[in-house]
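K.L.:
what follows is a predicted structure for the sequence shown.
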Amino acid sequence: MDIQPQFSIKTNGKEVAKRLIDRVVNVTVRMKTGLMSDSCYVRFDNLEAAPIQQPKPTDLVEIAMGYKEGNEDKSATLTPLGKFEVGEFNLTGPVRSLELFGNKLLWHTALKAPKHRSWPEDPKQPKKLGELVSDIAGEYGLEAKVGDAFKNIELPHIEQSESDAQLLSMLAEQFDAIVKIAHDKLIFMARGTGRSLSGKELKEVEIKNSQILSWRYGKDAYRQVGDVTAFYYDLDKAARTPVKEGSGSPSIVLAYVYADEASAKRAAKAKHNRLKRASTRINLSIIGDANIVAGAVVKIVNTKSDADGKWFVDGVEHCINKQGFRSHLVCEQLI
């Protein structure tokens, strides 16, 4: 069976890949967890005799990838990988080319602007994490999707002096969560669950040894942790009181003093889980599979090594060029 890589590139809703198929040198989409923006890169041959029209900063590029079977198949099923705003382009020579760089963070300017406000405004009415995420989402016309484990967590008083992006990232780190904007949704969910960053269920993807082009498994001794200690202020004892997650060494002590025992326990557990997961990683290059997205869970089988098992996809790059269709994954240990 003749399986051929296939892609679609639309500019402002109009298909350009079919017209310029012989001039596309490289099309790449990079996806990450967290508020780091997904991005794309497209390179065209920019022939002197038939130059390609230069893009405008407001242009939207939409990319999809997949395969078609046989040269006569005109209806290949492609997987959409997102819409990207053209943020930069380069012209090169003497080998003429046009390079486009797209960014999915269409709302990035406002989200990164510093803000000064209090959460909550009324100290007598504690703010829940789900409410804070919903309030910020509403300011940008987004729908909030908050994991059930986080919705009803009461937050200590927060004096915000940073941007909304920084505040959300700080809370995600504190609660070992993923925060991401996708498909007009602001998602705040537990890290390593394999749930879709768009709020949909994700099918676990099995990767067989025959699909793997290369892999690298590694353990980072500097990230390994035995226990994590966090402190909270006990009003009855008028003293800093420790709580601990895990056991053994090395030991880590969090510098921040939390408002109550529950907050300190959550912070210690989140830090312990985060370091444990990050201490074991695997990098994979495989035959391209556009169904693998950041935040998914993949199951590696039949390598007969420590690479076998389930992994959390922290980032993925899908690339189609003269070498074919390849996907490059950065995965963390699933705990």
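P.N.:
Here it is on my side, so go on.
K.L.:
remind me, longest helix of this structure?
P.N.:
helix 261-278 (DSSP state H).
K.L.:
buried stuff in stretch 158-166?
P.N.:
160, 164-166 (16 or more other C-beta atoms under 10 Å). Where you see a C-beta, it was placed from the backbone N, CA and C, and this is true even at glycine.
K.L.:
could you do stretch 12-21 as well?
P.N.:
By neighbour count with 16+ other C-beta under 10 Å, stretch 12-21 contains the buried residues 16-17, 20.
K.L.:
from the chain's centre, how far out does it sit?
P.N.:
Its chain's average C-alpha position is 27 Å from that of stretch 12-21, according to C-alpha atoms, centre = their mean, to the nearest Å.
K.L.:
cool, stretch 227-240 as well?
P.N.:
How far stretch 227-240 lies from its chain's middle: 34 Å, per C-alpha atoms, centre = their mean.
K.L.:
now residue 129, nearest residue through space, not along the chain?
P.N.:
Here the nearest residue to residue 129 in space, its sequence neighbours aside, is residue 153; by C-beta to C-beta, 6 or more residues apart in numbering that works out to 4.3 Å.
K.L.:
doesn't residue 128 make contact with the one you found?
P.N.:
Yes: applying C-beta atoms under 8 Å, one finds residue 153 in contact with residue 128, separated by 6.4 Å.
K.L.:
on that earlier part again, residues near the residue nearest to residue 129, how many?
P.N.:
18 (other C-beta atoms under 10 Å).
K.L.:
again with residue 322
P.N.:
Around residue 322 there are 6 residues (other C-beta under 10 Å).
K.L.:
kindly report the same for residue 185.
P.N.:
So residue 185, with other C-beta under 10 Å, has 17 neighbours.
K.L.:
phi, psi for it please.
P.N.:
In terms of degrees, to the nearest 10, the main-chain angles of residue 185 are phi -130, psi 140.
K.L.:
now do the buried residues in the longest strand seen in the chain.
P.N.:
With DSSP state E setting the assignment, residue counts place strand 78-92 as the longest strand in the chain. Of all the residues in strand 78-92, those buried under the rule 16+ other C-beta under 10 Å are 79, 81-87, 89.
K.L.:
and stretch 134-145, by the same measure?
P.N.:
Residues 134, 136-137, 142, 144-145 are the ones in stretch 134-145 that count as buried (16+ other C-beta under 10 Å).
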